[in-house]
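> Sequence and predicted structure below; questions after.
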Amino acid sequence: MIDQVEMMRIIERLRGDAVVVPAMRANVGWAEVSNNVRRDVPASGAMGKTCSFGLGVALARPEIKVIVFDGDGSLLMNLGSLVTAANKAPKNFYHFVMDNGVYATTGGQEVPGAGTTDYAELGRAAGYAHTYEFDDLEDFATQAEEFMNQEGPVLIACKVVPNIRLPEDRAAGRGAPARRAPQAISELMEDFGVAAGR
């Protein structure tokens, strides 16, 4: 299995000016490595909608890469988004699925299909232009530049070590993803030259 933060460090080095949309616990890892928070839009309060939000950004700004760090549990709540993304076929869309087998943000309960669901195959069947699956960091690092330069939509499923938010941390309010989504959206709109409220 892959250490999520180390995998994200590799993508950070390749991101350029890409917009990054991390879901739930992926936001915790991405916050450790990101060097351009004005292009980060955490989707910590929208479980199941990360792919859809990232797809909307990719369609609105086709000249800018959009990287989505989705969770397996989050994606399972909105599997139809795979078909929608494939149908719209944005060439600038890079969809990472963090396959850790659990709902890490709510204490580590097993997701349906843990250990048997093949997210790369789901993406391929939905019609993604390219799909990959990794469970080894070295293999991921070797191919990262290649898949980040392919025309999307690209789905990259990664078997990652769970970063579980423990119940006692939830009760104490510790370990929660940064709640900066409204500010992040405003900053992104500003960067794109879009006035808020229009």
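Thanks, I have it. Residues are numbered from 1 along each chain as shown.
> contacting residues for the residue sitting nearest the centre point of the chain?
Nearest to the geometric centre of the chain sits residue 69, at 1.0 Å (C-alpha atoms, centre = their mean). Residues counted as contacts of residue 69 (C-beta atoms under 8 Å, 6 or more residues apart in numbering) are 8, 20-23, 26-27, 29-30, 50, 96, 98. All C-beta atoms are positioned from the backbone trio N, CA, C, and that covers glycine.
> before we move on, what about residue 100?
By C-beta under 8 Å, 6+ apart, the neighbours of residue 100 are 4, 71-72, 159-163.
> The same query, at a cut-off of 10 Å, please.
1-2, 4, 25-26, 71-73, 108, 111, 114, 158-164 (C-beta atoms under 10 Å, 6 or more residues apart in numbering).
> Identify the bridge partners of the residue nearest to the centre of the chain.
On the basis of DSSP bridges, residue 69 is bridged to residue 22, residue 96.
> and it, how far is that from residue 41?
11 Å (C-beta to C-beta, to the nearest Å).
> Pull up the overlap in contacts between the two.
Common neighbours of residue 69 and residue 41 (C-beta under 10 Å, 6+ apart) are 20-22, 27, 50, 54.
> Out of the residues you listed, which one has the weakest pLDDT?
In terms of pLDDT, residue 27 ranks lowest among these, with 78.
> helices and strands around the helix or strand where that one lies, which ones?
Secondary-structure element containing residue 27, defined by DSSP states H and E: helix 24-33. In terms of contacts (3 or more C-beta pairs under 10 Å, 6 or more residues apart in numbering; DSSP states H and E), helix 24-33 is packed against helix 4-14, strand 19-22, helix 50-60, strand 66-71, helix 72-76, strand 93-99, strand 102-103.
> could you redo these as a markdown table and give each row distance to residue 136?
Below are those laid out as a markdown table (distance: least, C-beta to C-beta, whole Å):
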| stretch | distance to residue 136 |
| --- | --- |
| helix 4-14 | 10 |
| strand 19-22 | 22 |
| helix 50-60 | 25 |
| strand 66-71 | 19 |
| helix 72-76 | 18 |
| strand 93-99 | 13 |
| strand 102-103 | 20 |
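> quick one: which of the ones you listed is nearest residue 128?
strand 93-99 (7.5 Å; C-beta to C-beta).
> What's the mean pLDDT across the closest one?
Strand 93-99 comes out at a mean pLDDT of 97.
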